[in-house]
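1. okay, predicted coordinates and the sequence, questions at the end:
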Amino acid sequence: MRARLYYCGVHDDASYISVHAAVATSPDEPFATTEVELRAPGPGELLVKVVATGICHTDVMTKVKGLCEFPIVLGHEGVGVVEEVGEAVTEFAEGDHVIMTYDYCGDCAQCNRGKPSYCVDHGSLNFAGTRPDGERTHRSAGSPTSDGIVEEITGSFFQQSSFATYALSHESNTIKVDKDLPLATLAPLGCGVQTGAGTVMNTLEVGSGSSIAIFGCGCVGLSAVMAATIAGAETVVAIDLNPSRLDMAKELGATHVFNPSDFDGGDAFLAALGEVSSGGLNYAIDTTGNPTVLRQAFDSCGPLGVTAMIAPGVPGTEVTIEMMGLLPGKSLRGVVQGDSESKTFIPKLIELWQDGVFPFDKLITMFNSIDSVEDAVVAMNAGDVIKPVVVIDRPRGETP
Ligand SMILES: [Zn+2]
Ligand SMILES: [Zn+2]
């Protein structure tokens, strides 16, 4: 098996596997399926045959805003089947079905207090484009050239880079699931769904009888709507400019839906929010990354209200809060991955889905083949789909 999969480079004795990946080469060029080479799994790593991958706005923002070194293999909502395990892997075996998520060190103060999404190494582990030791995992097919040139490709995005037929993940950011579950459907649990649901259940700990407004009804916002409904919130307000998103929010349990464009200015909109929540909400979640919307979310909360910010906008974006506005015990909290300990939280979400109370699959539109990553991104950006999931479906070695 191993002999079929690997070969040694001309000037490099490390083993590589030839794979296909939807590579981003610049902010403007479309994703293009290309043959690339991926390192064999090292200690603690898993080689995962990717079955499907969700697409998240973080993938798109990283490419469009050039927050990475091109060329890059993005993708951080991958699911698949373990094909090979590296040395010292104890938790997984060949053939396991898995979900991949964000990575963390497991040994810093935040990891030790059960908050791995605030790991001190969160930035480097998920966005640096290398293994934790700084080594690149991807390179161009045919590297090194006869001149000895190795064309490196940025990978290790969220320690997976799942816009590809194969991914390298770690034990820490991989979750085993039952083999009878539909793997492709589970892909968005690795980021978007756990972020929205986790913000309600883990960060805000929304309780029964409370009130919450959710600004933005994408995958994250609608997952928050479902979680708030499960938590027994009495008032669940969903806000979006797209009427079809508001229809979906209602179907998923929102008690009120608002389209800000229906109001004569922000003050009228905030006044309407005040009316449904008896003078101020207990919680608000902003999923938009827009500082004006974040300020509205903050202002919609009443005394002791907590506003959760999930999307920070591009680096350098600032928000202004009136200091007097904080005085009634109000707070504004940044949230990463819904404060989720994915190894326990994702199985919990799967159980809720199986019980029929957390139908996150309604948010998914499937795209067939790795070649459709660009189409899926275009459809997501246009608002035509809520959560695109690309089924990879390309036998290895088949050229585009
Ligand atoms: Zn850590
Ligand atoms: Zn994401």
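-> The structure has been received and is ready for your questions. Numbers count the residues shown, from 1 in each chain. Ligands and ions are numbered 1, 2, ... in the order given.
2. switch to C-alpha atoms for all contacts and neighbour counts from now on
-> Fine.
3. pLDDT score assigned to the residue nearest to T203 when sequence neighbours are not counted?
-> Of all residues not flanking T203 in the chain, D339 sits nearest, at 5.9 Å (Cα to Cα, 6 or more residues apart in numbering). D339 carries a pLDDT value of 98.
4. gap between D339 and ligand 2?
-> In this view, D339 and ligand 2 are 14 Å apart by Cα to the ion, to the nearest Å.
5. just give me the neighbour total for that residue.
-> D339: 23 surrounding residues under other Cα atoms under 10 Å.
6. which residues touch whichever residue of the stretch 201-350 of the chain sits closest to ligand 1?
-> Residue nearest to ligand 1 within the stretch 201-350 of the chain: E341 (11.9 Å; Cα to the ion). With contact set as Cα atoms under 8 Å, 6 or more residues apart in numbering, E341 has these partners: G114, K115, P116, S117.
7. swap in A32?
-> By Cα under 8 Å, 6+ apart, the contact set of A32 is A21, A22, V23, A24, D371, E374.
8. could these go into CSV alongside distance to ligand 1, secondary structure and pLDDT?
-> Conversion of those to CSV gives the following (distance: Cα to the ion, whole Å; DSSP: H, G, I helix; E, B strand; the rest coil; pLDDT from 0 to 100):
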residue, distance to ligand 1, secondary structure, pLDDT
A21, 29, strand, 97
A22, 30, strand, 97
V23, 29, strand, 98
A24, 29, strand, 98
D371, 35, helix, 94
E374, 33, helix, 97
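9. ok, so of those, who is nearest M323?
-> For the contacts of A32, the residue nearest M323 by Cα to Cα is A24; the value is 42.4 Å.
10. coming back round to it: okay, and which of the contacts of E341 map to strands?
-> With strands identified by DSSP state E, none of the entries of those belong to them.
11. which of those count as buried?
-> With neighbours counted using 16 or more other Cα atoms under 10 Å, these contain these buried positions: K115, P116, S117.
12. tell me the one of the residues you listed nearest A231?
-> The closest of the buried ones among the contacts of E341, once distances to A231 are taken by Cα to Cα, is K115, at 21.1 Å.
13. domains of the chain?
-> Domain assignment for the chain, taken from automatic domain parsing, gives 2-190+359-391, 195-338.
14. of those domains, which approaches W353 most closely?
-> Per Cα to Cα, nearest to W353 of those: domain 2-190+359-391, 5.6 Å.
15. what's E151 in contact with, if anything?
-> For E151, the contacting residues are R139, S140, S143, P144, by Cα under 8 Å, 6+ apart.
16. run through the residues that contact the second one.
-> Right, S140. By Cα under 8 Å, 6+ apart, the residues touching S140 are E35, V36, E37, V150, E151, E152, I153.
17. neighbours of V385, how many?
-> The number of residues packed around V385, counting by other Cα under 10 Å, is 20.
18. that one looks like it's in a strand, true?
-> No. Applying DSSP: H, G, I helix; E, B strand; the rest coil, one finds V385 to be coil, outside a strand.
19. which residues does it contact?
-> V385 sits next to L363, I364, T365, A379 when contact means Cα under 8 Å, 6+ apart.
20. how far away is it from Q337?
-> 22 Å (Cα to Cα, to the nearest Å).
21. can you check H170 too?
-> For H170, the distance to Q337 under the criterion Cα to Cα works out to 18 Å.
22. and for E29?
-> Summarising the geometry, the distance separating E29 from Q337, computed by Cα to Cα, is 29 Å.
23. the two: who's more crowded?
-> Of the pair E29 and Q337, Q337 is the one with more neighbours under other Cα under 10 Å, namely 25 against 12.
24. residues near V64, how many?
-> Number of residues near V64 (other Cα under 10 Å) recorded here: 15.
25. burial count for the spatially closest residue to it that is not a sequence neighbour?
-> In space, and not counting its chain neighbours, V64 is closest to P27: 4.3 Å by Cα to Cα, 6+ apart. By other Cα under 10 Å, the residues close to P27 number 18.
26. same deal with I214?
-> I214 has 29 neighbours, counted by other Cα under 10 Å.
27. following whichever strand or helix holds it, which helix or strand comes up?
-> Here I214 sits within strand 211-215, counting by DSSP states H and E. Towards the C-terminus, the helix or strand next in line after strand 211-215, according to DSSP H and E, is helix 219-230.
28. how about the CA coordinates for that following helix, as CSV?
-> Output for helix 219-230, consisting of C-alpha atoms alone and laid out as CSV, is shown next (Å, rounded to 0.1, in the frame of the first residue of the first chain):
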residue,chain,number,x,y,z
CYS,A,219,-24.4,29.3,8.8
VAL,A,220,-23.0,30.6,12.0
GLY,A,221,-26.1,32.8,12.8
LEU,A,222,-28.6,30.1,11.9
SER,A,223,-26.7,27.6,14.0
ALA,A,224,-27.0,30.1,16.9
VAL,A,225,-30.8,30.4,16.2
MET,A,226,-31.2,26.6,16.5
ALA,A,227,-29.0,26.4,19.6
ALA,A,228,-31.0,29.3,21.3
THR,A,229,-34.2,27.4,20.5
ILE,A,230,-32.8,24.2,22.1
